[in-house]
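**Student:** heads up, no residue letters with this:
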């Protein structure tokens, strides 16, 4: 007996085919949109990194003034030598009792060298340096190398509109596990950041201020860091006397620093 397809069955089959075709063509589009969004976020993050610090070798003076509650301010000074975002030396110049102490960063490895002590001490980037400032805040500022970024919104602040980025750590060795980052849509200048722990606890906030000419371009020369819980506890990092220099690779080795101690 010959099977005769009803008009209803034919219509249903046509609708199912159309739905399957629409789904198949839509899925790659969603994936493409997501890839494009990731690429845009990565480009924004990289531009913001380049505004904060030069890509080439440089040295810069850093002064950190910290206040806890109503206590007296504490001041420390450092000389930072950096090359390619993966190598940095942080030399303490003030106070006098700590002068000559050196932090060496190689990729995400960090060592402390103390005068008259034969072996360097291994440290983490997340450990506190002074006040609200962690070792990684001064030794490693390579957001684009340490985090994956995605755009989670935009926000109008004053006359400017900012991208709001969510940064997720590539692994647990980086300074912070998550960062919420505001970057100006026009020009990609950083505005502020919130730093979070692995348990999603707010550790500190940072505002990027006092934009002026430094090291060949306009950069934020003051970072104001405020504790995430004790809001009357903060550190102000001022950058000055930045010079672009050709730093030899041998500087950024434990063997070299042991000799100059």
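**Tutor:** Alright, I've got the coordinates. If you're wondering where the values come from, they're calculated on a predicted model, not measured in any experiment. Numbering: from 1, shown residues only.
**Student:** Report how many residues lie close to the closest residue to residue 257 other than its chain neighbours.
**Tutor:** Spatially, and ignoring its direct neighbours in sequence, residue 257 is nearest to residue 113 (5.3 Å; CB to CB, 6 or more residues apart in numbering). Where you see a C-beta, it was placed from the backbone N, CA and C, and this is true even at glycine. The number of residues packed near residue 113 is 21, by other CB atoms under 10 Å.
**Student:** ok, now which ones touch residue 113?
**Tutor:** By CB atoms under 8 Å, 6 or more residues apart in numbering, residue 113 lies in contact with 101, 102, 103, 104, 120, 257, 258, 261.
**Student:** now swap in residue 46 and tell me
**Tutor:** Contacts of residue 46 (CB under 8 Å, 6+ apart): residue 144.
**Student:** tell me which element it falls in.
**Tutor:** Residue 46 is located in helix 7-52, with elements delineated by DSSP states H and E.
**Student:** Could you pick out the buried ones from the contacts of residue 113?
**Tutor:** 101, 102, 103, 104, 120, 257 (16 or more other CB atoms under 10 Å).
**Student:** Report how many residues lie close to residue 198.
**Tutor:** Around residue 198 there are 10 other residues, counting by other CB under 10 Å.
**Student:** cool, the one 4 residues further on as well?
**Tutor:** Residues lying near residue 202 (other CB under 10 Å) number 14.
**Student:** Which residue or residues pair with it through a beta bridge?
**Tutor:** residue 196 (DSSP bridges).
**Student:** What's the separation between it and residue 143?
**Tutor:** The gap separating residue 202 from residue 143 is 18 Å, by CB to CB, to the nearest Å.
**Student:** go on, residue 51?
**Tutor:** Per CB to CB, residue 51 is found 11 Å from residue 143.
**Student:** Then residue 71?
**Tutor:** 31 Å.
**Student:** Comparing these two, which shows the higher neighbour count?
**Tutor:** The neighbour comparison of residue 71 against residue 143 (other CB under 10 Å) goes to residue 143, with 23 against 10.
**Student:** so what's that one scoring on pLDDT?
**Tutor:** At residue 143, the model reports a pLDDT of 93.
**Student:** Now do it against residue 230, distance only.
**Tutor:** 25 Å.
**Student:** now do residue 134
**Tutor:** Taking CB to CB as the measure, residue 134 falls 16 Å from residue 230.
**Student:** of those two, who's got more company?
**Tutor:** Neighbours per residue (other CB under 10 Å) separate residue 134 from residue 230, with residue 134 holding more: 23 against 11.
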